[in-house]
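*Asks:* Next one to model:
(one chain, ligands or ions: 1)
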Amino acid sequence: MNTQLAETWEKVLKILKVEIMSEVSYNTWILGLKPIGMRNGVFMISVPNELTLDIINQRYMLLFKESIKHVLNQDVDVQCVVGEPDSDDSKAEEEVQKDSIKPAPEAFGSLNSKYTFDSFVIGNSNRFAHAASVAVAESPANAYNPLFLYGGVGLGKTHLMHAIGHHIQANNPKAKVVYVSSEKFTNELINSIRYDKNLDFRNKYRNVDVLLVDDIQFIAGKESTQEEFFHTFNELYEARKQIIISSDRPPNEIPTLEDRLRTRFAWGLQADIQAPDFETRIAILKKKAEIEKYVVSSDVMVYIATKIKSNIRELEGALTRVMAYSSLTNNKNITVDLAAEALKDIISSTQTRSITIDLIQDVVANYYNLSVQELKSQRRTRNVAYPRQIAMYLSRKLTDMSLPKIGDEFGGRDHTTVIHAYEKISAALKSDDSLASAIRIITKKVNSQ
Ligand SMILES: Nc1ncnc2c1ncn2[C@@H]1O[C@H](COP(=O)(O)OP(=O)(O)OP(=O)(O)O)[C@@H](O)[C@H]1O
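*Replies:* Down below sits the predicted model:
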């Protein structure tokens with residue numbers, strides 16, 4: 001550790017210890033931390049394990065931010081990472097001595113070792129995206145290029161991208177795999193222009209075998225970034241290098257994305273990830289418990305999986321929180337009551353009321369001036385069949401019900417009818433703005449009942 005970093009850290013600790021924290025908390029949570037240094041204006045801290053990470057993020061982040069800001073006399077963000085600082089971090093250490101708006105240090109090889117295919121749980125919601133990722137990982141630039149993964153927040157896009165990167169690197173250790181978020185890509189581009197390092201920037205991104213770009217939606221509306229990315233894309237594509245892109249939505253729903261990029265993103269394969277169903281949520285919790293060596297009963301897992309539905313990051317966070325709570329309160333008997341107590345803040349702030357098919361049928365029928373009986377009837381005239389398909393689509397999207405169950409609830413229809421309705425409405429949504437708006441209104445009503 002360089003002296004300046006050591007001094008900064010010492011001052012920060014002094015503020016926390018003398019002015020703010022109790023001795024017990026300080027010794028439990030702070031003593032084991034190590035500063036890594038500054039990266040792109042973010043002060044990085046290494047923490048020994050996931051539990052500490054969780055506690056620091058939840059309780060002490062603001063304290064750290066304020067103390068570091070006070071010591072360095074500049075605004076900083078703080079980020080904690082699990083594990084010992086590695087040698088690459090010497091670059092980050094150096095940065096604390098310099099102005100924090102230096103060009104970003106190299107980030108090659110920044111794949112998270114936890115995000116592999118082995119640790120990825122496959123379920124209905126991600127089966128297709130997983131299969132497409134495996135195909136690309138086994139045959140880069142031959143299977144699908146580019147691979148475009150999209151889906152809501154915290155559903156495993158980054159995990160799959162890293163897993164592809166690991167797999168390719170394991171098969172071919174010489175392959176140059178680069179992962180970058182589109183925000184980082186943008187920042188590096190801006191810095192390269194500012195410091196007249198455009199050539200370095202191009203060399204960095206155009207001489208790779210696999211380029212993984214996360215959260216591409218952030219480049220929408222940023223002209224020069226789109227321009228640069230367009231050329232990067234073309235060069236890599238023509239050189240038969242694999243490109244993998246993720247986004248929170250499909251290319252045709254990203255506003256102000258240039259058409260030439262939109263078209264290119266559609267050249268390969270687009271695969272979406274949906275929110276996991278109940279069984280998958282349970283399987284993910286089991287996997288997480290196995291990896292972290294947590295001992296948790298299945299009724300506690302069922303409790304967590306019933307309460308947290310739409311974001312896997314939150315699902316995993318809830319389990320970590322329950323474990324942290326049990327250890328902090330010295331209560332080894334992890335019951336559903338204890339879990340409820342540990343999660344009460346999170347659960348009261350998230351959507352917990354469950355949405356039923358009955359409710360969806362009610363709202364849809366009401367919206368289209370029909371009766372629920374008509375929706376469930378065998379009538380096939382468009383004024384009834386179309387709302388019925390919308391209701392089936394929403395039942396699939398907003399509830400955990402299986403396809404056959406949804407079919408049953410709509411007058412005993414076959415599950416293939418539900419799939420057809422889902423696909424038809426999904427496809428229509430891409431070009432039909434009035435349908436999109438109707439679905440938004442109906443969903444809002446369903447959520448507010
Ligand atoms: N199918 C899965 N099996 C196991 N873990 C999963 C799965 N899907 C997601 N996760 C875990 O959930 C967390 C969030 O996933 P990830 O960061 O990949 O989401 P994301 O879709 O990239 O989110 P964002 O939109 O915020 O970038 C990670 O810890 C990841 O390992």
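*Asks:* Close to the ligand: what parts of the stretch 251-400 of the chain are there?
*Replies:* Residues of the stretch 251-400 of the chain lying near the ligand by C-beta under 6 Å from any ligand atom: 284, 287, 312, 313, 316. Placement of C-beta: from N, CA and C, glycine included.
*Asks:* out of the residues you listed, who has the most neighbours?
*Replies:* Top of those by neighbour number is residue 312, holding 26 neighbours under the definition other C-beta atoms under 10 Å.
*Asks:* Now residue 267: closest residue in space that isn't a chain neighbour?
*Replies:* In space, residue 267 comes closest to residue 146 once its chain neighbours are excluded; the distance is 6.7 Å by C-beta to C-beta, 6 or more residues apart in numbering.
*Asks:* got the residues of the stretch 251-400 of the chain next to the ligand as a markdown table, with pLDDT columns?
*Replies:* Converted to a markdown table, those look like this (pLDDT from 0 to 100):
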| residue | pLDDT |
| --- | --- |
| 284 | 96 |
| 287 | 94 |
| 312 | 92 |
| 313 | 89 |
| 316 | 90 |
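*Asks:* The residue nearest to residue 267 - how many residues pack around it?
*Replies:* 23.
*Asks:* Helix or strand with the lowest mean pLDDT in the chain?
*Replies:* Sorting the helices and strands of the chain by mean pLDDT, DSSP states H and E puts helix 89-97 at the bottom, at a mean of 47.
*Asks:* near the ligand at all, whichever helix or strand comes after it?
*Replies:* Per DSSP states H and E, the first helix or strand lying C-terminal to helix 89-97 is helix 127-138. No - Helix 127-138 lies out of reach of the ligand by C-beta under 6 Å from any ligand atom, never closer than 7.6 Å.
*Asks:* quick one: contacts of helix 127-138?
*Replies:* For helix 127-138, contacts defined as C-beta atoms under 8 Å, 6 or more residues apart in numbering pick out 117, 120, 122, 143-145, 147, 149, 151, 156-157, 160-161, 163-164, 167-168, 171, 242, 244, 269, 271-273.
*Asks:* Report the buried members of those.
*Replies:* 117, 120, 143-145, 147, 149, 151, 156-157, 160-161, 163-164, 167-168, 242, 244, 269, 271-273 (16 or more other C-beta atoms under 10 Å).
*Asks:* How much space separates residue 13 from the ligand?
*Replies:* Remark: distance between residue 13 and the ligand (C-beta to the nearest ligand atom, to the nearest Å) = 29 Å.
*Asks:* which ones are touching that residue?
*Replies:* residue 30 are the contacts of residue 13 under C-beta under 8 Å, 6+ apart.
*Asks:* Repeat that for residue 64.
*Replies:* 12, 16, 43, 45, 56, 78.
*Asks:* Then residue 336?
*Replies:* Counting by C-beta under 8 Å, 6+ apart, the residues that residue 336 touches are 299, 300, 303.
*Asks:* change it to 10 Å
*Replies:* Going by C-beta atoms under 10 Å, 6 or more residues apart in numbering, residue 336 touches 297, 299, 300, 302, 303, 304, 322.
*Asks:* For it, give me phi and psi.
*Replies:* The phi and psi values for residue 336, taken as degrees, to the nearest 10, are phi -60, psi -40.
*Asks:* Which helix or which strand is home to the closest residue to it other than its chain neighbours?
*Replies:* Closest residue in space to residue 336, ignoring its immediate chain neighbours: residue 303 at 4.8 Å, by C-beta to C-beta, 6+ apart. Here residue 303 sits within helix 298-307, counting by DSSP H and E.
*Asks:* Dihedrals phi and psi, the residue of the stretch 101-250 of the chain found nearest the ligand?
*Replies:* Using C-beta to the nearest ligand atom, the closest approach of the stretch 101-250 of the chain to the ligand is made by residue 156 at 2.7 Å. Taking degrees, to the nearest 10, you get phi 110, psi 10 for the backbone angles of residue 156.
*Asks:* Make sure it is actually in contact with residue 312.
*Replies:* Yes - Residue 156 lies in contact with residue 312 (C-beta atoms under 10 Å); the separation is 6.0 Å.
*Asks:* any common contacting residues for those two?
*Replies:* 121, 125, 126, 273, 276, 284.
*Asks:* any chance you could read off phi and psi for the nearest residue to the fifth one once chain neighbours are set aside?
*Replies:* Which is residue 276. Among residues not flanking residue 276 along the chain, residue 125 sits closest, at 4.7 Å (C-beta to C-beta, 6+ apart). Backbone geometry at residue 125, expressed as degrees, to the nearest 10, gives phi -70, psi -20.
*Asks:* just checking, residue 125 touches residue 309?
*Replies:* No - counting by C-beta under 10 Å, residue 125 stays clear of residue 309, with 11.1 Å between them.
*Asks:* thinking again about what came up before, let's have the residues of the stretch 251-400 of the chain next to the ligand in a markdown table, adding secondary structure.
*Replies:* Converted to a markdown table, these look like this (DSSP: H, G, I helix; E, B strand; the rest coil):
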| residue | secondary structure |
| --- | --- |
| 284 | helix |
| 287 | helix |
| 312 | helix |
| 313 | helix |
| 316 | helix |
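*Asks:* hmm, which two among the residues you listed are most spread apart?
*Replies:* Distances among those were taken as C-beta to C-beta; the most separated pair is 287 and 313, at 14.2 Å.
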